[in-house]
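Asker: sequence plus the predicted model coming up.
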Amino acid sequence: MLHSVQGIVIRSMDYGEGNKIIRLFTPELGKVGVMARGAKKLKSKHGAVTQLFTYGDFVFYKQRGQMGSLNGAEIIDAHHALREDLYKSAYASYLAEMTDRMLGDEEGNNYIFEQLKAGLMAIEEDKDMQIVTHLYEMKMFDLAGYLPITDACVSCGETTGITSFSPNMGGTLCSRCRFKDASTIPIGEGAHKLLRLFPRMDMRRLGSVQVKDETKEQLKRCMRTYMDVHIGVQWKSRGFIEQMEKYNI
């Protein structure tokens, strides 16, 4: 069956001497594996469209249960800047890797597609990459059914006096309940405000946000620990980001 869809390249790998296999994320078909024959060759018409993060119109033939075969493609946004900057490439790769590993094959999701598209654009436009990442992580938690409780204390339901975040218990804790988890992460008012906001925020409406370093550090601990506890995936791209942070690259 011939498909004509918009898609984003979330994975691209060499195959054989001159071919590439790409994984597209599309709003209608979800993740789709497509063979781009001859894409590695110097004069190939498919060379540019198979680059990671490319957003474009793709035409491919695919039978049920088989890999697709690329017939043609037109670039809408090549996202060159995401591949040319080390930091942007690392954070954009994390968004793409989450999409690739947390969505099922051929599982269409127009909302997540729009969030990914907006997230890549936000990184390219120099919006805070850490905030973009946390916002997308929250979308992934929601998709997987692991959205943390951030509007109230996960233990008693109290909506005031929130002082910490418990990945193990699945959300925020008030000052009276924080003793229930010895590994709870202390958070300030700024971090709690953003944790409440992330589940409801649309990436397409994200403006230029200014977040204190202390707040960002709290958010990072909360989101990464929550991801490790509930999703349990060894993220290659996040590992690279952590190495850059460790050595101040």
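Answerer: That came through, no problem.
Asker: and the spatially most central residue of the chain, what element?
Answerer: Centroid-nearest residue in the chain: Leu95, 2.6 Å away (criterion: Cα atoms, centre = their mean). Leu95 is part of helix 86-102, with elements assigned from DSSP states H and E.
Asker: before we move on, what about Met121?
Answerer: Following DSSP H and E, one finds Met121 within helix 110-124.
Asker: so what's Gly161 up against?
Answerer: Shown in contact with Gly161 (Cβ atoms under 8 Å, 6 or more residues apart in numbering): 153, 174-176. In short, each C-beta sits where N, CA and C put it, glycine included.
Asker: could you find the closest non-adjacent residue to Asn19?
Answerer: Leaving aside its chain neighbours, Asn19 sits nearest to Arg37 (5.2 Å; criterion: Cβ to Cβ, 6 or more residues apart in numbering).
Asker: Val5 too?
Answerer: Nearest residue to Val5 in three dimensions, chain neighbours excluded: Thr26, at 4.5 Å (Cβ to Cβ, 6+ apart).
Asker: about what we covered before: wait, what's in contact with the residue nearest to Asn19?
Answerer: 18-19, 46, 69-70.
Asker: same check, this time on Ile76
Answerer: Contacts here follow Cβ under 8 Å, 6+ apart; on that basis Ile76 touches 6, 55-57.
Asker: quick one: the helices in this structure, in order.
Answerer: 80-84, 86-102, 110-124, 129-144, 189-197, 213-230, 236-246 (DSSP state H).
Asker: in TSV: those, plus distance to Glu158.
Answerer: As requested, the helices of the chain are exported to TSV (distance: least, Cβ to Cβ, whole Å):
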stretch	distance to Glu158
helix 80-84	42
helix 86-102	31
helix 110-124	31
helix 129-144	22
helix 189-197	13
helix 213-230	19
helix 236-246	33
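Asker: any chance of those in JSON lines, plus mean pLDDT and distance to Gly33?
Answerer: Putting these into JSON lines (pLDDT from 0 to 100; distance: least, Cβ to Cβ, whole Å) gives the following:
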{"stretch": "helix 80-84", "mean pLDDT": "96", "distance to Gly33": "21"}
{"stretch": "helix 86-102", "mean pLDDT": "97", "distance to Gly33": "11"}
{"stretch": "helix 110-124", "mean pLDDT": "97", "distance to Gly33": "17"}
{"stretch": "helix 129-144", "mean pLDDT": "97", "distance to Gly33": "20"}
{"stretch": "helix 189-197", "mean pLDDT": "97", "distance to Gly33": "35"}
{"stretch": "helix 213-230", "mean pLDDT": "97", "distance to Gly33": "25"}
{"stretch": "helix 236-246", "mean pLDDT": "95", "distance to Gly33": "19"}
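Asker: ok, which of those helices comes nearest Gln63?
Answerer: Of all the helices of the chain, the one in closest proximity to Gln63, counting by Cβ to Cβ, is helix 86-102 (22.2 Å).
Asker: report the spatially closest residue to Tyr15, excluding sequence-adjacent ones.
Answerer: Nearest one to Tyr15, counting by Cβ to Cβ, 6+ apart, is Ile21 at 4.8 Å.
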